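# Compute the structure for the input listed below.
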Amino acid sequence: MRIDLSGEVAVVTGVGGRLGGIWATALLDAGAAVVGLDLGDETPVAVKEHDGAGRYVGLRGDVTDRDSLEAALAETVRRCGTPTILVNNAGIDKPPSAVGGSWLFADVPEQLSGAVLDVNALGVLRVCQVFGTAMAAAGRGSVVNIGSLYGGVAPDPRYYDHIDLDPPFLKPPAYGMSKAAVAALTRYLAAMWGPAGVRVNTLSPGGVLGDQDPAFRAKFTARVPLQRMATEADLTGPLLFLASGMSRYVTGGELLVDGGYVAW
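Numbers count the residues shown, from 1 in each chain. Presented below is the predicted three-dimensional model:
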């Protein structure tokens, strides 16, 4: 059954990022008007290809700047109406690569950790304070916070031991911390906003297929029961489920889209 989001106003933060375009195009294809927030207001190429009906608006929105978010909300309401769907996607990640160097755990720069937490955790909190509060005041809506597999499990260092770095590649510890915080915030807001008619859930992808090197990809997929990484098509259905009335009695939960990674 096709999910119809005609008449809904969706906001996607970090729309220019790796997953932002996936969420925005899925919402556009389902009929929603979509406002994409990012540090610039340029429309991603993938979104342009899906916006035949002219339902996309790109706005500048910095999740580390409350004033920027307040201005983006005012412009969203002026141009599209009060948001009914919010996808908190903006985030900082460090993919496994020999580019950019690495550190021993004891030497991870506090500046790096602080930046990750400010965007990935506090950024979600700020956006919810601004956009989510407007949704609660209107009495309806669905908030989808984008989490991660690594919010619940630790990254396996053996996935990276083929990368030629000294010290070895280290996934920033603040990344998993930030995504665990997102899941905790989801539960907090679900309890607070349930009476106001706003549902809040976390969507946590596992490994998403991208430009990872073949060795990493082979190691990771060997750990996944479905024996592959997630594709764009694997993510859109879960998002639309949580964003739509199909999940009208689902709130405060975390939907793992990990191919069964945590099943063993």
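
# mind listing the helices in the stretch 101-250 of the chain by residue range?
Assigned by DSSP state H, counting those that start in this stretch, the stretch 101-250 of the chain shows helices spanning 110-117, 123-127, 133-138, 173-193, 214-222, 232-243.

# will you turn the ones you listed into JSON lines that also has mean pLDDT?
Shown next, in JSON lines, are the helices of the stretch 101-250 of the chain (pLDDT from 0 to 100):
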{"stretch": "helix 110-117", "mean pLDDT": "96"}
{"stretch": "helix 123-127", "mean pLDDT": "98"}
{"stretch": "helix 133-138", "mean pLDDT": "98"}
{"stretch": "helix 173-193", "mean pLDDT": "98"}
{"stretch": "helix 214-222", "mean pLDDT": "96"}
{"stretch": "helix 232-243", "mean pLDDT": "97"}
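
# Can I get the ones you listed in a markdown table including mean neighbour count and distance to Gly14?
(C-beta placed from N, C-alpha, C; glycine too.) Output for those, formatted as a markdown table (neighbours: other CB atoms under 10 Å; distance: least, CB to CB, whole Å):
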| stretch | mean neighbour count | distance to Gly14 |
| --- | --- | --- |
| helix 110-117 | 14 | 13 |
| helix 123-127 | 24 | 9 |
| helix 133-138 | 18 | 19 |
| helix 173-193 | 19 | 13 |
| helix 214-222 | 15 | 23 |
| helix 232-243 | 19 | 14 |
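
# Go through the ones you listed and name the closest to Glu8.
helix 232-243 (7.8 Å; CB to CB).

# So which residues make contact with the closest one?
Outside helix 232-243, the residues that touch it by CB atoms under 8 Å, 6 or more residues apart in numbering are 3, 5, 8, 10, 19, 22-23, 25-27, 29-30, 32, 85, 87, 142, 144, 199, 201, 203, 205, 208, 246-247, 250, 255, 257, 259.
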